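Visitor: this one's structure only:
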């Protein structure tokens, strides 16, 4: 069998992740339309927008089981079928409960690419290039969010909700075909041989390494989502920036964060370690958030919050790669599902909890207190074997 081009595998996996991200985040960028044009109260619009995120969160581990059992190509293709079908259905249903149900189904499909596209990278790239490749793969999320932020509001204003959703469904349908035709599952031998060699047993049994990575990653999500959630409103309300200028800076930091993920992945390849760089990133996140809290009233805080958007996302690819490598080809799908589920659950709690802290103590104290989470994560990051 001819070995497929590993960069093509990475590109197709990224397309699956990015197109799913557009579908999952479409509802978020439809909130202004639903609230201002259709008169849906803001709390209900926000709850409606969370339906796809809920669908993704509850199905991550299940898709991990599917990819461990039947492989990456089938998982990506089937997931995109579900995403496309849910989005098409959302374009034609009547009533907000039905719309929420369709978005939930689409979110379930989106979850398929989290583990499957990550396993393509781990399976086709050698260890000395894997960190860089995973860093590139991790840029699919901010790129998908950015594409949705540009496409969804402008399209719904120029056309209507149905046309917008059908365009998103068409995007996912095209990527579905690409996955079905181009994705080749990485070789991993037969399950019977793996059973005989004792390679299919749970990597969690008698070893807390993966649990420590999951826990550290969940803690490091707190500063990441704090900055992502409150940077825009902080610039406008506290620093007096115009909304347009603040939005440009926030969008620019997404690109910087993407570059940071690739850079840290390259670094991990050069030093032959995932956990060493991850530990240093945790130290950097703690110091940056503490400095941001202390200096929040000063002009330097704007520079620090930009730095924070880069530092706080840099660990994602490192942890993802390490989980897949340590779990092995027969358990990495489930382990990556557990990894993402923990991060999603924590990220959902960050906006309301940090919002309460800001309301009670102010932004400075909120940013400084968030520094405690990466500080606790530092000793949890395991040593390399």
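Guide: In hand now; what should we look at? On a predicted model such as this, the values are computed, not experimentally measured, just so you know.

Visitor: show me the contacts for the most centrally placed residue in the chain.
Guide: In the chain, the residue lying closest to the centroid (Cα atoms, centre = their mean) is residue 141, at 5.4 Å. For residue 141, the contacting residues are 17-18, 21, by Cβ atoms under 8 Å, 6 or more residues apart in numbering. Just so you know, the C-beta spots here come from the backbone N, C-alpha and C atoms, and that holds for glycine as well.

Visitor: what comes up buried for the strand or helix carrying it?
Guide: If you go by DSSP states H and E, residue 141 is part of helix 140-158. Judged by neighbour count (16 or more other Cβ atoms under 10 Å), helix 140-158 contains these buried residues: 140-149, 151-153, 155-156.

Visitor: between those residues, which is nearest residue 187?
Guide: Residue 187 has its nearest neighbour among the buried residues of helix 140-158 in residue 140, at 24.1 Å by Cβ to Cβ.

Visitor: what's the closest non-adjacent residue to residue 82?
Guide: In space, residue 82 comes closest to residue 109 once its chain neighbours are excluded; the distance is 3.0 Å by Cβ to Cβ, 6 or more residues apart in numbering.

Visitor: Just name whatever secondary elements the helix or strand harbouring that neighbour is in contact with.
Guide: Per DSSP H and E: residue 109 is located in helix 96-110. In terms of contacts (3 or more Cβ pairs under 8 Å, 6 or more residues apart in numbering; DSSP states H and E), helix 96-110 is packed against helix 6-29, helix 42-49, helix 51-70, helix 72-92.

Visitor: Reformat these as JSON lines; add mean pLDDT, mean neighbour count and distance to residue 320.
Guide: Supplementary listing: the helices and strands packed on helix 96-110 in JSON lines, determined by pLDDT from 0 to 100; neighbours: other Cβ atoms under 10 Å; distance: least, Cβ to Cβ, whole Å:
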{"stretch": "helix 6-29", "mean pLDDT": "92", "mean neighbour count": "23", "distance to residue 320": "12"}
{"stretch": "helix 42-49", "mean pLDDT": "78", "mean neighbour count": "15", "distance to residue 320": "26"}
{"stretch": "helix 51-70", "mean pLDDT": "90", "mean neighbour count": "22", "distance to residue 320": "13"}
{"stretch": "helix 72-92", "mean pLDDT": "96", "mean neighbour count": "23", "distance to residue 320": "15"}
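
Visitor: Nearest to residue 311, out of the ones you listed?
Guide: Counting by Cβ to Cβ, residue 311 lies closest to helix 6-29 out of those; the figure is 22.1 Å.
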